[in-house]
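> got a predicted model here, sequence first, then my questions.
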Amino acid sequence: MRIIELPIEFEFNGQKNHINPSLIISKNQLTLVDTGYPNFLPFIENEIFKNGYDMKNLKNIIITHYDIDHIGSLYDFKVKYPHINMIASEVESQYISGEMKSERLVQAEEMLENMPIQEIEFGKWFIQKLKNLKHVSIDEMVHDGDWILDNECRVVATPGHTSGHISLYFPSLKSVIAGDAAVIENHELVIANPHFCLNVEKAEQSLRKIKDLKAENYYCYHGGTFTL
């Protein structure tokens, strides 16, 4: 088993941005972690091809949490590759499938009420983007401590950024796929974007939780790989 990053560079509001979905390779089966923004399927496919892998071997998609840059292309993957097994936490599954209004949409609508005038247009645009996301049913709901991917990966509940956020721990690789439970700033792991954390205190606890795993590699969706 091994993990590789799929670095994707794009422009947003005239600035260069990066995201880093992860690809898990195990016995010629592929598992993608998070799917980028809407319309990012071709970018992710291209990165997978560049690394010498075939999309027909993509067996699973794991979603760390419901955010537009993580689930944006999930529906497109489901349409093009209907055989793929969709995995997420039970909490996030409710939002991904549309059973419940997403926490991020609730937060965005609440923030709009107190937003400075110059930011209202962006706030409304962001809310509409969230509303436009198409729902996808989750095939496999996971919980803290569950072992998946042939018992080589342990699900780690890392709430804070969102309530049902999960990270993935690979003991044999001494590695963690952190999602948005951590980002790299000034050569250290910190919580991701506190302004948008639904619960900063829980986010700090989750960061300590994955740090306590004493992994050698932390794959962060924003910022890349942090290696001890």
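Okay, I see it.
> check which element follows the helix or strand of the chain with the lowest mean pLDDT along the chain.
The helix or strand of the chain with the poorest confidence is strand 8-12; it has a mean of 89 (mean pLDDT, DSSP states H and E). Note on strand 8-12: by DSSP states H and E, the next helix or strand toward the C-terminus is strand 15-19.
> can you tell me the strand partners of that next one and which way each runs?
strand 8-12 (antiparallel) (DSSP bridges).
> tell me what the longest helix seen in the chain is packed against?
Scanning the chain for the helix with the most residues, using DSSP state H, yields helix 117-132. Packing partners of helix 117-132 (3 or more C-beta pairs under 8 Å, 6 or more residues apart in numbering; DSSP states H and E): helix 103-113. Bear in mind the C-beta positions are built from the backbone N, C-alpha and C, glycine included.
> chain center to the helix it packs on: distance?
Relative to its chain's centre, helix 103-113 lies at 20 Å (C-alpha atoms, centre = their mean, to the nearest Å).
> how about it: buried residues?
Neighbour-count burial for helix 103-113 flags 103-105, 108 (criterion: 16 or more other C-beta atoms under 10 Å).
> still on that earlier bit, name the residues of the least confident helix or strand of the chain that are buried.
Result for strand 8-12 [16+ other C-beta under 10 Å]: buried residues Ile8.
> mind listing the helices for the protein?
Assigned by DSSP H, the chain shows helices spanning 41-50, 68-71, 74-80, 90-96, 103-113, 117-132, 200-211.
> mean pLDDT added to those helices, as a markdown table?
What follows is those, written out as a markdown table (pLDDT from 0 to 100):
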| stretch | mean pLDDT |
| --- | --- |
| helix 41-50 | 97 |
| helix 68-71 | 96 |
| helix 74-80 | 98 |
| helix 90-96 | 97 |
| helix 103-113 | 94 |
| helix 117-132 | 93 |
| helix 200-211 | 98 |
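> between those, which gets nearest to Ile191?
helix 200-211 (4.4 Å; C-beta to C-beta).
> what packs against that closest one?
Short answer (3+ C-beta pairs under 8 Å, 6+ apart): helix 200-211 packs on strand 153-157, strand 166-170, strand 188-190.
> how far does stretch 115-122 sit from its chain's centre?
Worked out by C-alpha atoms, centre = their mean, stretch 115-122 lies 27 Å from the chain centre.
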